[in-house]
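> pasting the structure only:
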């Protein structure tokens with residue numbers, strides 16, 4: 001393959017939606033574009049683009065290859081700009097992952113201002129409460145709420161994640177308010193799968209609550225709704241529950257206890273890889289918004 005020129009040709013075909021459009025953009029003849037695409041597919045041993053009478057369509061392998069090609073071209077452009085002493089404007093694909101609720105409440109609202117500033121960045125955002133393998137899923141940047149960052153990842157701490165015990169007034173009116181940590185043994189507790197045991201802190205003293213959730217779920221949002229609905233006591237992040245506290249829909253339980261203070265919110269990316277300009281720009285965009293005081297603490 002002739003350097004990165006075939007990569008750029010393939011990316012242009014996809015962007016143009018036709019061989020003729022790519023030929024015009026690259027100032028090549030349509031037969032030459034077709035020939036180079038066919039040669040690339042032959043070399044790779046895979047059909048990248050399915051030709052129909054009306055349009056071109058990426059195959060499944062072609063779609064994966066296209067995502068990789070865009071990332072490669074962005075890295076090449078970035079590297080050349082650094083060697084030449086130029087500042088390269090962020091552009092190209094940016095795959096982001098975040099927890100469902102936090103992503104919806106605090107990441108998605110930041111995207112319009114970022115895209116207004118960097119219109120050539122193409123964002124793909126995945127929201128999930130499950131574990132995301134950054135390398136396997138080709139994630140450029142993930143927002144995680146965790147006590148420990150795994151080896152092989154680079155992290156920028158964005159904000160603390162304070163967590164409190166809380167319940168609805170209706171639940172406490174029916175079941176009573178626990179007066180001590182031992183009283184939790186007689187109450188209904190709520191947590192998403194993997195969130196128990198709870199690691200708490202009381203005046204610097206660690207406390208562990210090992211129990212089962214009264215409802216099994218993989219969704220933190222379900223736990224929040226159950227808490228508001230008076231089903232039990234939950235350990236919730238302030239970023240999630242602060243409006244409900246302010247409106248009286250939930251109240252703190254055992255206010256001298258809170259979640260361990262080692263849990264924080266991080267922007268994470270694979271270590272040892274070239275950082276595209278778009279990743280650096282979005283990380284800084286997040287840092288400015290969440291530091292030094294996150295919005296839910298203001």
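Cool, got the structure. Predicted model, so just to flag it, every value in this text is computed and none were measured. Numbering: from 1, shown residues only.
> in the sheet, who's paired with the nearest residue to residue 258 once chain neighbours are set aside?
Nearest non-adjacent residue to residue 258, counting by C-beta to C-beta, 6 or more residues apart in numbering: residue 164, 5.3 Å away. Glycine gets a C-beta too; all of them are placed from N, C-alpha and C. Taking DSSP bridges as the rule, residue 164 bridges to residue 236, residue 258.
> From residue 196, how far out is residue 164?
16 Å (C-beta to C-beta, to the nearest Å).
> more crowded one of the two?
The neighbour comparison of residue 164 against residue 196 (other C-beta atoms under 10 Å) goes to residue 164, with 22 against 17.
> quick revisit: can you pull the contacts of the residue nearest to residue 258?
235, 236, 238, 241, 252, 255, 258, 259 (C-beta atoms under 8 Å, 6 or more residues apart in numbering).
> Dump the residues you listed into CSV; add pLDDT and neighbour count as well.
Below are the contacts of residue 164 laid out as CSV (pLDDT from 0 to 100; neighbours: other C-beta atoms under 10 Å):
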residue, pLDDT, neighbour count
235, 98, 24
236, 97, 24
238, 96, 18
241, 96, 22
252, 97, 14
255, 96, 10
258, 95, 17
259, 95, 20
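> Can I take it that residue 113 is in a helix?
Yes: with DSSP: H, G, I helix; E, B strand; the rest coil as the criterion, residue 113 is located in a helix.
> Give me the pLDDT value at it.
We have a pLDDT of 97 for residue 113.
> Over to residue 89?
Residue 89 is assigned a pLDDT of 77 by the prediction.
> cool, the one 5 residues further on as well?
pLDDT, the model's per-residue confidence, is 92 for residue 94.
> for the one 10 residues further on, same thing?
Residue 104 is assigned a pLDDT of 96 by the prediction.
> Which secondary structure state is assigned to it?
The three-state label given to residue 104 by three-state DSSP is helix.
> do the same with residue 216
Assignment for residue 216 (three-state DSSP): coil.
> Run a quick check on it versus residue 195, I expect a contact.
No: judged on C-beta atoms under 8 Å, residue 216 makes no contact with residue 195 at a distance of 11.3 Å.
> Those two: which is more packed in?
Just comparing residue 216 and residue 195: by other C-beta under 10 Å the higher neighbour count belongs to residue 195, 15 against 10.
> And the helix or strand of the chain with the lowest mean pLDDT, what does it pack against?
Ranked by mean pLDDT, DSSP states H and E, the weakest helix or strand in the chain is helix 60-83, scoring a mean of 80. Packed against helix 60-83 by the contact rule (3 or more C-beta pairs under 8 Å, 6 or more residues apart in numbering; DSSP states H and E) you find helix 5-16, strand 92-98, helix 277-290.
> One more pass at 6 Å, please.
helix 5-16, strand 92-98 (3 or more C-beta pairs under 6 Å, 6 or more residues apart in numbering; DSSP states H and E).
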